[in-house]
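need the 3D shape of this:
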Amino acid sequence: MTRLTESKSEVERRNESLRREIDILNQDKAFLSRENQTSNDKCKRLEDKLDRTEMSLLEAKKQAEKYMDRVLAANDDVKSKFDMQYTKEIEDLKDRQGKELSLAKQNLTDLYERKVDYLTDRKDE
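Residues are numbered from 1 along each chain as shown. Sure thing, here's the model as predicted:
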């Protein structure tokens, strides 16, 4: 009977040990499940943040491109205005030169005619 009692006692100890092991494993499982859920939540938040950051980056790139287009358009406008002003100034200079040349020509013609008249008058006297 002692043997039977010892065997029974051994089985009960083993049973109690297994029960404690199951309790510890259940606690571990619950803890790991909570940790897994926390990690999944954190992963989801980080993915959402990444998506928002990527969208923000795309928006910033679009905005930068828009500003670059504006700058280039403004540069084109400035260049166009400069070219127009430059062309106008060149035309004004050509006109002024033409007028001055015409005036000098007229003065020379007048001078020549006076000289001819003077010489003709001198010859006649």
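
can you map out the helices along this protein?
Counting by DSSP state H, the chain has helices at residues 2-124.

from Val71, how far off is the residue nearest the centre of the chain?
Nearest to the centroid of the C-alpha atoms of the chain, with distances taken as C-alpha atoms, centre = their mean, sits Ala64, at 2.7 Å. Distance of Ala64 to Val71, given as C-beta to C-beta, to the nearest Å: 10 Å. From N, CA and C alone the C-beta is placed, and that goes for glycine too.

now Asp28
Asp28 sits 62 Å away from Val71, going by C-beta to C-beta.

contacting residues for Met55?
Not one residue lies near Met55 by C-beta atoms under 8 Å, 6 or more residues apart in numbering.

any idea how far it lies from Cys43?
Here Met55 is placed at a distance of 19 Å from Cys43 (C-beta to C-beta).

export stretch 56-64 as CSV, just CAs?
C-alpha atoms of stretch 56-64 as CSV (Å, rounded to 0.1, in the frame of the first residue of the first chain):
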residue,chain,number,x,y,z
SER,A,56,2.9,65.0,-47.5
LEU,A,57,6.1,64.4,-49.4
LEU,A,58,4.1,64.0,-52.7
GLU,A,59,2.2,67.2,-51.9
ALA,A,60,5.5,69.0,-51.1
LYS,A,61,7.0,67.8,-54.4
LYS,A,62,3.9,69.1,-56.3
GLN,A,63,4.1,72.4,-54.5
ALA,A,64,7.8,72.7,-55.3
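
okay, now Lys8: neighbour count?
For Lys8, the neighbour count with other C-beta atoms under 10 Å is 11.

let me fix that, I meant to ask about Arg114.
10.

for the one 10 residues further on, same thing?
Residue crowding around Asp124 was assessed by other C-beta under 10 Å; the count is 6.

next one: Ser39
Other residues lying near Ser39 total 10 when counted by other C-beta under 10 Å.

now do it against Leu46, distance only.
Ser39 is 10 Å from Leu46, by C-beta to C-beta.

cool, and Lys29?
Lys29 is 25 Å from Leu46, by C-beta to C-beta.
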